[in-house]
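J.: make a model of this:
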Amino acid sequence: MALNIPEIRAQFPGLARPAIFFDGPGGTQISRQSLERMQDYLINCNANHHGAFETSRKSDAILDEAHQAMADFYNAARPDEIVFGANMTTLTLHLSRSLARTLNPGDELLVTRLDHDANIAPWLLIAEDRGCHVTWVDFDVEDGTFRLEDFAKALEKKPKIAAFGYASNSLGTINPVKKMVAMAKEAGALTYIDAVQYAPHGPIDVQDLGCDFLVSSPYKYFGPHMGVLYGRYELLDELKAYKVRTSPKMPPDKFETGTQNHEGIAGVLGAVEYFEWVGEKFGAEYGPALEELGYSGRRLTLKKALTAIRAYEYELSKALLETLETVPRIKIFGQTDPRALEDRVATFVFRIDGMHPREVAEKLGERDIYVWDGNYYALAISERLGMEESGGFTRVGAAHYNTIEEIKRFGEVLTEISKG
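T.: Have a look, this model is predicted:
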């Protein structure tokens with residue numbers, strides 16, 4: 001059953017604006033379900049933890065429900081493997097400080113040039129603090145894919161931590177994360193996965209991946225500005241948390257420092273409920289195969305939703321690639337083989353010869369087509385491709401609420417801009 005895009009779009013109040021939103025890789029529009037959860041929380045449950053009164057009890061119940069919802073979204077073994085925070089970057093910096101205590105001078109850490117800086121800089125910082133060595137894994141500059149042979153070679157150094165992304169927020173590459181986790185585990189490394197870019201585009205199963213940590217930011221998948229970390233319970237339990245003395249000693253509470261953004265956490269619950277709605281409405285055809293894999297209940301519904309979204313976005317990727325390739329004076333970076341579209345999300349970066357990426361973004365914005373320019377904090381990519389000093393790239397990214405018609409309009413306007 002195909003997605004009913006008008007019905008999908010009706011779930012996003014922001015899409016009533018007369019604009020084409022291709023800015024999703026930097027933050028999607030928020031779903032109605034998420035907005036309603038946030039409003040309901042602030043009106044009916046707005047209180048701090050563990051009080052002896054009704055609104056506090058209601059608040060605690062909502063936060064517990066949100067932990068369970070994200071455990072279902074990630075397919076985590078238990079809800080106390082879920083840690084909420086401000087965003088992926090802040091959560092990673094916070095947890096890296098705890099992981100740093102397990103390191104000794106001379107220990108190896110592994111990072112990749114295909115990652116967002118939020119999954120690079122924290123590890124560089126703790127390496128500096130602890131006297132560790134950092135090994136960088138390169139990517140193929142022609143198609144933006146990982147060199148697994150380089151990854152394997154880096155693992156020969158027996159790193160304590162291997163940090164890599166699920167999908168690139170710049171080049172759109174989906175990495176073979178399950179294979180990479182298995183390789184890293186065999187080498188004895190803890191694995192830390194940045195799933196921010198992948199989360200809106202396909203199903204995640206941390207138990208199937210076998211990873212130790214995985215983190216994403218719900219504002220990239222139709223929720224509020226928040227971050228959500230999965231950590232294997234025994235690791236979260238063992239690690240020392242940097243917290244005040246009066247905070248709980250058990251996970252996840254010991255990592256959720258201070259008073260959290262409760263209304264935001266409620267909004268994350270609403271974002272998961274949006275995916276539930278998608279799965280119930282449009283995911284029926286994917287149910288039998290997913291049931292055979294052992295999914296049931298809300299976890300099955302969420303996997304159906306993300307599988308249906310993934311199938312639709314394959315068509316968006318195909319249309320975006322075909323459209324971009326018709327634009328004069330354009331250079332597309334990353335995977336452009338139409339036979340390899342399953343190995344990328346619908347995010348593309350490009351340059352128009354003779355034009356600064358900011359100029360292209362501004363001219364598109366004047367025509368109510370919203371795209372990003374720059375390096376999007378994927379600094380290592382723009383440096384590796386030699387584009388950082390000249391402004392990075394222009395980036396177009398589609399979400400499942402986008403349409404083929406919007407892509408056609410984008411292509412027409414971009415062609416006009418390119419022709420000057």
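J.: neighbours of Tyr192, just the number please.
T.: Neighbour count of Tyr192, defined by other Cβ atoms under 10 Å: 28. Quick note: C-beta positions are derived from backbone N, CA and C, even for glycine.
J.: okay, and it sits in which element?
T.: Assigned by DSSP states H and E, Tyr192 falls within strand 190-194.
J.: neighbouring strands of that strand in the sheet, and parallel or not?
T.: According to DSSP bridges, strand 190-194 forms sheet pairs with strand 161-165 (parallel), strand 213-216 (parallel).
J.: pLDDT of the first one, averaged?
T.: Strand 161-165 shows an average pLDDT of 98 in the prediction.
J.: which of the residues in that strand are buried?
T.: Buried residues in strand 161-165, counted by 16 or more other Cβ atoms under 10 Å: 161-165.
J.: which outside residues touch the next helix or strand after it?
T.: Using DSSP H and E, the helix or strand that follows strand 161-165 in sequence is helix 177-186. Contact with helix 177-186 is made by 110, 146, 148, 151-152, 155, 159, 162, 164, 166, 190-191, 193, 208-211, as judged by Cβ atoms under 8 Å, 6 or more residues apart in numbering.
J.: returning to what we had before: tabulate the CA atom coordinates of the helix or strand just after the strand holding Tyr192 in PDB.
T.: The helix or strand immediately downstream of strand 190-194 is helix 206-209, counting by DSSP H and E. What follows is helix 206-209, C-alpha atoms only, in PDB (Å, rounded to 0.1, in the frame of the first residue of the first chain):
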ATOM      1  CA  VAL A 206      19.900  -1.800  18.100                       C
ATOM      2  CA  GLN A 207      19.600  -5.500  19.200                       C
ATOM      3  CA  ASP A 208      20.000  -6.700  15.700                       C
ATOM      4  CA  LEU A 209      22.900  -4.300  15.100                       C
END
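J.: what is helix 206-209 packed up against?
T.: On a contact count with 3 or more Cβ pairs under 8 Å, 6 or more residues apart in numbering; DSSP states H and E, helix 206-209 meets helix 177-186.
J.: quick one, helices of the stretch 51-200 of the chain?
T.: Taking DSSP state H, counting those that start in this stretch as the criterion, the stretch 51-200 of the chain carries its helices at 54-74, 88-100, 121-130, 148-155, 177-186.
J.: just the ones you listed: most buried one?
T.: Of all the helices of the stretch 51-200 of the chain, helix 88-100 has the most neighbours on average by mean count of other Cβ atoms under 10 Å, namely a mean of 21.
J.: and that helix, how far out from the chain's middle?
T.: Relative to its chain's centre, helix 88-100 lies at 16 Å (Cα atoms, centre = their mean, to the nearest Å).
J.: one more: stretch 399-419?
T.: That offset, for stretch 399-419, works out to 24 Å (Cα atoms, centre = their mean).
J.: now it: average pLDDT?
T.: Taken as a whole, stretch 399-419 carries a mean pLDDT of 98.
J.: same check on stretch 237-257?
T.: The model assigns stretch 237-257 a mean pLDDT of 95.
J.: outside of it, which residues touch it?
T.: Contacts for stretch 237-257 (Cβ under 8 Å, 6+ apart): 67, 80-85, 94-95, 97-99, 101-102, 229, 231, 233, 236, 258.
J.: now with 7 Å, please.
T.: Residues outside stretch 237-257 that contact it (Cβ atoms under 7 Å, 6 or more residues apart in numbering) are 67, 80, 82-84, 94, 97-99, 101, 233, 236.
J.: pipe those into CSV and attach distance to Val244 per row.
T.: Formatted as CSV, these follow (distance: Cβ to Cβ, whole Å):
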residue, distance to Val244
His67, 21
Asp80, 20
Ile82, 21
Val83, 16
Phe84, 17
His94, 14
Arg97, 15
Ser98, 15
Leu99, 20
Arg101, 18
Tyr233, 22
Leu236, 18
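J.: now, the most widely separated pair of those residues?
T.: Within the contacts of stretch 237-257, two members stand farthest from each other by Cβ to Cβ: His67 and Arg101, at 25.2 Å.
J.: leaving out sequence neighbours, find the closest residue to Asp129.
T.: Excluding the flanking residues, the one nearest Asp129 by Cβ to Cβ, 6 or more residues apart in numbering is Ala100, at 6.1 Å.
J.: how about Ala2?
T.: What sits nearest to Ala2 in space, not counting adjacent residues and going by Cβ to Cβ, 6+ apart, is Tyr312, at 7.0 Å.
J.: any idea how far the one you found is from Pro288?
T.: 19 Å (Cβ to Cβ, to the nearest Å).
J.: neighbour-wise, which of those two wins?
T.: Tyr312 (17 against 8).
J.: which stretch of helix or strand covers the residue nearest to Ile407 when sequence neighbours are not counted?
T.: Leaving aside its sequence neighbours, Ile407 sits nearest to Ala319 (Cβ to Cβ, 6+ apart; 4.7 Å). Per DSSP H and E: Ala319 is located in helix 297-324.
J.: picking that back up, tell me which of the helices of the stretch 51-200 of the chain lies nearest to Lys303.
T.: helix 54-74 (9.5 Å).
J.: tell me how far the closest one is from the chain's mean position?
T.: In terms of Cα atoms, centre = their mean, the centre of helix 54-74 is set 21 Å apart from its chain centre.
J.: could you do stretch 310-330 as well?
T.: 21 Å.
J.: surely Ala346 and Tyr314 touch.
T.: No - look at Ala346 against Tyr314 with Cβ atoms under 7 Å: they stay out of range, at 8.2 Å.
J.: roughly how far does the residue nearest the centre of the chain sit from Ile126?
T.: Geometric centre of the chain, nearest residue: Val196, 1.2 Å, by Cα atoms, centre = their mean. From Val196 across to Ile126, the span is 20 Å (Cβ to Cβ).
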